[in-house]
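> Need a 3D model of the following:
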Amino acid sequence: MEKLIFPAWILTVAAVYAGAALWLTVFVDSLRRRRIDLAGALALVLLAGVLMFRHLAVPYPGRVLLLAAPLMLAGIAYWACVVRREPDWQLRQRAREDRRQVVIHLALLTAAVGFMLPFMWLVMTSLKAEDQIFSRPASLPNPVMWENYPKALEFLEDALPVGTRYGFLFVRNTLWVSGLSLLGVLLSSSLVAYSFARLRWPGRDAVFVILLSTMMLPAAVTMIPTFLIFRYFGWVDTLRPLWFPSFFAPAFYVFLLRQFFLTIPVELEDAARIDGCSYLRIYWSIMLPQIKPALAAVGIIHFLAVWNDFMGPLIYISSPEKMTGSYALQLFQSAHSGEWAMLMAAATLWTIPILVLFFIGQRYFIQGITLTGLKA
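Down below sits the predicted model:
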């Protein structure tokens, strides 16, 4: 009997997706035809299925199948009685296109929910009481413990002898390091990439190969020499080692931006040279505006890496007032390893700025991954 559980769930999930796809397709088609009566009937079918799902005393695979059955039957009936008998071929073509779009969006929605589950669990756990975290890990918090967030901030205030202003000191240090590092990586990487892509100078290709070969070096190989260099400069226990290397053009970002520069038509440079523009003026006024999506992608990737960097502060920082947020989270975890709700609350607070940054720059980030060349 136990061998049949997994196939039963596979069949159940397939039936649910088929029923949802059919129901959504015919619902969209009925709205396009402005048949409010048919749309209302389909909505009642969905409501009946939901009520049946809640009140039937049936194990979950069977209950889910009973929910999918009316949706599937309603979709098949509508498709057979309305869509297939439609004399207008354009409406039939639209119905087929609706079905294709519904299937695609259901698959994308499933993937999105899968990626959101860890964050949803993080937020729900941060709002639970300690006795509910492991006894009911997938349930909603009841009651909602909003006080976990003030308690986490109070700990950050009392964690260090210097006072952290409820964690703002860690945020300020991290923003300072992230901002300077972001400025350095965008300026240096774009300038070096422009030189490799658009300028001609002796040994250019050989130097580019050497630059790419540095990506093969593990970080552990350069960790000690880098530390000795910064100690010679007297920069240990300062924030400079965390942002200063970004002004030396990381190889991966140079490669990414160089590929974007290569897609820009040469005619733009020729026209700028005829107008008397120098190489720097062409780089700043002509080239950089064309690669905004790539710069946004590089900026988001690098900002996320610096925001979550733990190894750098661990190596170079020893003063409490100079710690960054990732180091503070480790301090929080070591002091509250058994208080999971407060730990999840602190992690949620630290994740919110990254989410805000991504939602602000997601359009440019996606363009930077998918688009090349000029806009139409």
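> State the mean pLDDT of stretch 157-174.
Average pLDDT, stretch 157-174: 74.
> end-to-end on that stretch?
Using C-alpha to C-alpha, to the nearest Å, the end-to-end distance of stretch 157-174 comes to 17 Å.
> domains of this structure?
2-126, 148-370 (automatic domain parsing).
> worst average pLDDT in those domains?
Among these, domain 2-126 scores lowest, at a mean of 74.
> circling back: right, and the domains of the chain - which one's nearest L140?
Taking C-beta to C-beta, domain 2-126 is the member of the domains of the chain nearest to L140, at 6.4 Å. Yep, even glycine has a C-beta here, placed from its N, CA and C like the rest.
> now the strands: where do they sit in this structure?
Applying DSSP state E to the chain gives no strands.
> Export the domains of the chain to JSON lines and append columns for distance to R136 and mean neighbour count.
As requested, the domains of the chain are arranged in JSON lines below (distance: least, C-beta to C-beta, whole Å; neighbours: other C-beta atoms under 10 Å):
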{"stretch": "domain 2-126", "distance to R136": "10", "mean neighbour count": "15"}
{"stretch": "domain 148-370", "distance to R136": "13", "mean neighbour count": "16"}
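> out of these, which comes closest to F134?
Closest to F134 of the domains of the chain is domain 148-370 (C-beta to C-beta; 8.3 Å).
> you'd agree A95 is up against T25?
Yes: A95 lies in contact with T25 (C-beta atoms under 8 Å); the separation is 7.1 Å.
> what residues are shared contacts of these two?
Each of W79 lies in contact with both A95 and T25 under the rule C-beta atoms under 8 Å, 6 or more residues apart in numbering.
> what residue of this structure is the furthest out?
P87 (45.9 Å; C-alpha atoms, centre = their mean).
> related to what we said a few turns ago, can you convert the domains of the chain into CSV and add a column each for distance to P141?
Formatted as CSV, those follow (distance: least, C-beta to C-beta, whole Å):
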stretch, distance to P141
domain 2-126, 6
domain 148-370, 9
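> closest one to P137 among these?
Comparing the domains of the chain by C-beta to C-beta, domain 2-126 comes nearest, at 7.6 Å.
> now the helices: where do they sit in the stretch 151-300 of the chain?
Using DSSP state H, counting those that start in this stretch, the helices of the stretch 151-300 of the chain run over 168-198, 204-213, 219-233, 240-243, 251-262, 266-274, 279-281, 288-290, 292-307.
> And the ones you listed: which comes nearest A21?
For A21, the closest of these is helix 292-307, at 33.3 Å, according to C-beta to C-beta.
> elements contacting the closest one?
helix 168-198, helix 251-262, helix 340-370 (3 or more C-beta pairs under 8 Å, 6 or more residues apart in numbering; DSSP states H and E).
> out of these, which comes closest to P320?
With C-beta to C-beta as the criterion, P320 lies closest to helix 168-198 of these, at 8.9 Å.
> for that closest one, packing partners?
helix 204-213, helix 240-243, helix 251-262, helix 292-307, helix 325-335.
> Specify the stretch among those that is closest to L127.
Short answer: helix 325-335, nearest of the helices and strands packed on helix 168-198 by C-beta to C-beta, at 17.5 Å.
> that older thread, and the gap between the residue farthest from the centre of the chain and L262?
To L262, P87 is 53 Å away according to C-beta to C-beta, to the nearest Å.
> residues contacting P313?
L242, M323, T324, S326, Y327.
> The third one: what's it in contact with?
Going by C-beta under 8 Å, 6+ apart, T324 touches F170, N173, T174, V177, L242, D309, P313, I317.
> between those, which is closest to Y17?
Comparing the contacts of T324 against Y17 with C-beta to C-beta places D309 closest, at 40.9 Å.
> Backbone dihedrals for that closest one, please?
Backbone torsions of D309, given as degrees, to the nearest 10, read phi -70, psi 130.
> Make sure it is actually in contact with S326.
Yes: between D309 and S326 a contact is recorded at 6.1 Å, counting by C-beta under 8 Å.
> Need the contacts of T324 in TSV (columns: distance to Y78).
As requested, the contacts of T324 are exported to TSV (distance: C-beta to C-beta, whole Å):
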residue	distance to Y78
F170	58
N173	60
T174	55
V177	59
L242	61
D309	55
P313	61
I317	65
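> ok, so of those residues, who is nearest G276?
V177 (40.2 Å).
> now that closest one: how far from L355?
V177 is 20 Å from L355, by C-beta to C-beta.
> what do you get for A21?
A21 is 30 Å from L355, by C-beta to C-beta.
> and if you look at G312?
If you go by C-beta to C-beta, the gap between G312 and L355 works out to 23 Å.
> before we move on, what about A48?
On the measure of C-beta to C-beta, A48 and L355 end up 38 Å apart.
> One more: A305?
Using C-beta to C-beta, A305 is found at 16 Å from L355.
> pretty sure R281 contacts D275?
No: between R281 and D275 there is no contact, the gap being 9.3 Å when judged by C-beta under 8 Å.
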